[in-house]
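Asks: Got a predicted structure plus its sequence, pasted below:
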There are 2 protein chains.
Amino acid sequence: MVTIYDVAREAGVNHTTVSHAFSGKRPVAEATRERIFEAARKLGYQANAAARSLASRSTRIVGLAAPLDLPMRALAEGSFSRFIMSIGDRLNDHGYKMLCLVSPDPDTSDLVSIVRGGHVDGMLLLQVRTDDPRIAAMQTEGIPFVAIGRPREASGVVRVDADFEHAAEMAVEHLARLGHRQISLLSAFSAGQPVFGFQYHAIAGFRKAHKALGLHYNSSQILQHGDHAGLAEVLEPLLAPRPASTAIIATTDIEAATALRTLSAKGIRVPDDISLVALADTRLTDLSNPPITAMRFSPDDMSRAAVDLLVAMLAGHRPRRMEHLVPVEFIERESTKPPNTAGDQITSRISTKA
Amino acid sequence: MVTIYDVAREAGVNHTTVSHAFSGKRPVAEATRERIFEAARKLGYQANAAARSLASRSTRIVGLAAPLDLPMRALAEGSFSRFIMSIGDRLNDHGYKMLCLVSPDPDTSDLVSIVRGGHVDGMLLLQVRTDDPRIAAMQTEGIPFVAIGRPREASGVVRVDADFEHAAEMAVEHLARLGHRQISLLSAFSAGQPVFGFQYHAIAGFRKAHKALGLHYNSSQILQHGDHAGLAEVLEPLLAPRPASTAIIATTDIEAATALRTLSAKGIRVPDDISLVALADTRLTDLSNPPITAMRFSPDDMSRAAVDLLVAMLAGHRPRRMEHLVPVEFIERESTKPPNTAGDQITSRISTKA
DNA sequence: CTGAAAGCGCTTACAG
DNA sequence: CTGAAAGCGCTTACAG
């Protein structure tokens, strides 16, 4: 291993000067600097990370907490790799490295020990749940962090999320515009309620749009399911000759693909018999048969926002806003069309806000 | 921040004893140990990672090099998150943390600087290419590493891979058994050749099975494509009323889904008009319409093997074998059936090795 | 513009 | 079984 002393000797200076030549925290004569860089290049010098962070009390490493327990795997696996890629990429741009903490459960002790051990300067919490113990844990530790997803108790939490409420609204509006009156929302529940913030927001947008459009809303339109088998079960009523709903909105890509699969297996055609919209856009929705009309949010944009916020916080800045919502884009594909038995049009009453 | 000295003071011992109580590298009286642990628990002590690794010259961190440039994204995104999850999980079991190095290009300089900076004890190379500069770089640095995927120059390289050759063989055998005589293999090429080892192995298995079964093989059966548009183009000949091939084997899940989509868009039915097999099994193949007959390899098994090998190497053991192939499992679904115009059966000549 | 010194919080021989 | 000391490779006041 080549140390700062080796470089100093090679360049004929004190190791202090080598340190300053690299950090730029003190002026170094041009000629000296060049000799130092040349020596460093020649010897293949790279400052030791441990020594550097011990002395400077900063690691230039950000932790990414990715809880990959069952609900997560089942719901949002598709966008997971996008987030990792984008976050790692953006962190790189800022000169930070990424310590990936995948835990099979939403346990908090690993996280805490990593923070206390001084492994990271800041933390990014991926796929934050409505009730997420990681939030309180990070606040207690007093480490800068940014949440991706919105917890119920969001006060004091810098957070980034996609605008799922608007996504659900747009989905309902699109379907209503096509003439659908009976729309169902497919949503995964655990112990009687949603787990992730985006599920709550999707339901809120769904209801809000119904109200705005003067459509009848009944809680039975929320198709709660617990797992894959449950999803098929909850779809049963839609398999009838004259189903209660003529359109389904799936909260995630996986639910959309699973619904499509389940319907097809039963001989129900999409979109001829029933329309389908997904509130996420991944390979699972754009490469499916038929391609699924979807709401696209960009994991890239979300990651970039989250990383930039965190890096600014690490630099001592206070974010001007606590909540950052990235917009959602409507992508019309082939899984939606007017219902078989179209009722009267209400197109005129549909809002056209972007 | 609470240090080892705080704990020592609280427990009334020298900090050396605290260190040994935790490391177990020296006997510590039971009563003393208990006092130390109690003090540590009370103060919330966690040894500082930087100080520890500076003194011990080991980080207990493994780097995961995931090159996410274009060929990678386009081909194998589906299994990517599975690898990250499984690797992180298994590393956790061994008490190691994971530094994720996602790079948008297969560049080697980031990797080298991380190794030289002493960030990691060992390295895991994900999605190794046939010609992969990372291999030589790691060998030059002299850091223990395990490759996931097989480079052409594999001498001295500890590597883990799925048995893609066998996967392709089984795919051909399955199709031949159904009566197919003209089978195509969809394979992504870059600058006239495959990029990843698994592509070469798939082609090798494809040819080997043809030979073993006495089927005619012609290089035009390898449908080379460069990108998504290219994939549609290369499928053209199969859209004819009497296509040259009655079955397609796709090397990856994304290629399979894209092919299915392209064929469906042209009104070609799978499996009625053409059969389709994928050499990977992900959400994209099991949730598609129809579900795609696939060869399943387990990212979990591969990750576990790779991590266990690396951890053993870090503990000073030499692996007894350099190459570890995980088996591939045949999953029959609904995308394959006998060809429309079945020729004479050659079932009897088909080998039945598992 | 540069150097000599102290210190970051641990581990690990060295002693007893 | 325990302690006192040295040292890991840096950064950063302190001096000049």
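Replies: Nice, thanks for sending it over.
Asks: Briefly note if stretch A:90-102 comes near DNA strand D.
Replies: No - counting by Cβ under 7 Å from any atom of the strand, DNA strand D is not contacted by stretch A:90-102; separation bottoms out at 12.8 Å. (Glycine included, C-beta is placed from N, CA and C.)
Asks: what's the offset of that stretch from the middle of its chain?
Replies: Relative to its chain's centre, stretch A:90-102 lies at 16 Å (Cα atoms, centre = their mean, to the nearest Å).
Asks: Report the separation between residue A:194 and chain B.
Replies: For residue A:194, the distance to chain B equals 22 Å [Cβ to the nearest Cβ, to the nearest Å].
Asks: Find the nearest non-adjacent residue to that residue, please.
Replies: Counting by Cβ to Cβ, 6 or more residues apart in numbering or on different chains, the nearest residue to residue A:194 once its immediate chain neighbours are dropped is residue A:200, at 5.3 Å.
Asks: So the one you found sits against residue A:129, correct?
Replies: No - using Cβ atoms under 8 Å, residue A:200 is not in contact with residue A:129; the gap is 10.3 Å.
Asks: Neighbour count: the two, which is higher?
Replies: residue A:129 (24 against 18; other Cβ atoms under 10 Å in any protein chain shown).
Asks: if I pick the more buried one, what's in contact with it?
Replies: A:106, A:149, A:151, A:195-197 (Cβ atoms under 8 Å, 6 or more residues apart in numbering or on different chains).
Asks: Just put the residues you listed in a markdown table and tack on pLDDT.
Replies: Below are these laid out as a markdown table (pLDDT from 0 to 100):
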| residue | pLDDT |
| --- | --- |
| A:106 | 65 |
| A:149 | 95 |
| A:151 | 95 |
| A:195 | 88 |
| A:196 | 91 |
| A:197 | 92 |
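Asks: tell me, how many neighbours does residue A:340 end up with?
Replies: Applying other Cβ under 10 Å, I find that residue A:340 has 13 neighbouring residues.
Asks: Repeat that for residue A:16.
Replies: 11.
Asks: name the element it belongs to?
Replies: Using DSSP states H and E, residue A:16 falls within helix A:15-23.
Asks: Indicate whether that helix makes contact with DNA strand C.
Replies: Yes - Helix A:15-23 reaches DNA strand C (Cβ under 7 Å from any atom of the strand) through A:15-17, A:20.
Asks: Tell me the buried residues in that helix?
Replies: Of the residues in helix A:15-23, A:17-22 count as buried by neighbour count, 16 or more other Cβ atoms under 10 Å in any protein chain shown.
Asks: Also near DNA strand D: which of those residues, exactly?
Replies: Near DNA strand D, taking Cβ under 7 Å from any atom of the strand as the test, the members of the buried residues of helix A:15-23 found are A:19-20, A:22.
Asks: going on from the host helix or strand of residue A:50, what's the next piece of helix or strand?
Replies: Per DSSP H and E, residue A:50 falls inside helix A:49-56. Next in sequence after helix A:49-56, counting helices and strands by DSSP H and E, comes strand A:61-67.
Asks: Quickly list the domain ranges of chain A.
Replies: Annotated domains of chain A cover A:4-53, A:61-162+A:298-328, A:164-297 [automatic domain parsing].
Asks: quick one: whichever strand or helix holds residue A:9 near chain B?
Replies: According to DSSP H and E, residue A:9 maps onto helix A:4-11. No - shown here: helix A:4-11 not in contact with chain B (Cβ under 8 Å from any Cβ of the partner chain), separated by at least 12.2 Å.
Asks: Is that helix positioned near DNA strand C?
Replies: No - figure legend: helix A:4-11 not in contact with DNA strand C (Cβ under 7 Å from any atom of the strand); closest approach 7.5 Å.
Asks: which outside residues touch that helix?
Replies: A:14-15, A:17-19, A:32, A:35-36, A:38-40, A:42-43, A:45, A:47.
Asks: quick one: which of the residues you listed has the most company?
Replies: Result: residue A:18 is most packed of the contacts of helix A:4-11 (other Cβ under 10 Å), 28 neighbours.
Asks: what residues are up against that one?
Replies: Here residue A:18 is in contact with A:4, A:7-8, A:11, A:36, A:40 (Cβ under 8 Å, 6+ apart).
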